[in-house]
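**Q** coordinates only, sequence not included:
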């Protein structure tokens, strides 16, 4: 079965940086798009960033473009989210997700079916 384990969350001051990691197991990691989602209290979960199975294409929410960067290491079965210039509004639980369909030509935000347990990111002002 697919398992996703996030790490790297924590408390940081506004303007600071964090890097989240997500280690995947249970199937061939390199065949599937990966994504990072977040959910703040009282808000719906939203896609933050996603990366194609091949690593050749990425997708970002407008609110994080130019500040957050997603990458993957298929040899290590790990996806990363580098978060820079953090803002208090970035405070949320961040979830790693994996696509249900292999080798998609494009990233489909609704195509993610497997989820990690989440890691808390808190940005203080």
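**A** Nice, I can see it. Keep in mind that what you see is a predicted model, and the values were worked out from it rather than measured.

**Q** need the contact list for residue 93.
**A** Residues counted as contacts of residue 93 (CB atoms under 8 Å, 6 or more residues apart in numbering) are 38, 39, 40, 118, 119, 120, 121. C-beta coordinates here come from the backbone N, C-alpha and C atoms, glycine included.

**Q** that one: what's its closest spatial neighbour, skipping adjacent residues?
**A** Spatial nearest neighbour of residue 93, chain neighbours left out: residue 118 (4.3 Å); criterion: CB to CB, 6 or more residues apart in numbering.

**Q** how about residue 112?
**A** residue 97 (3.8 Å).

**Q** so that neighbour sits against residue 111, correct?
**A** No - look at residue 97 against residue 111 with CB atoms under 8 Å: they stay out of range, at 9.3 Å.

**Q** enumerate the beta-bridge partners assigned to the most centrally placed residue in the chain.
**A** Centroid-nearest residue in the chain, with CA atoms, centre = their mean: residue 36, separated by 2.0 Å. Counting by DSSP bridges, residue 36 forms beta bridges with residue 49, residue 96.

**Q** of the contacts of residue 93, closest to residue 82?
**A** residue 121 (12.5 Å; CB to CB).

**Q** SS state for that closest one?
**A** Under the three-state scheme (DSSP: H, G, I helix; E, B strand; the rest coil), residue 121 adopts strand.
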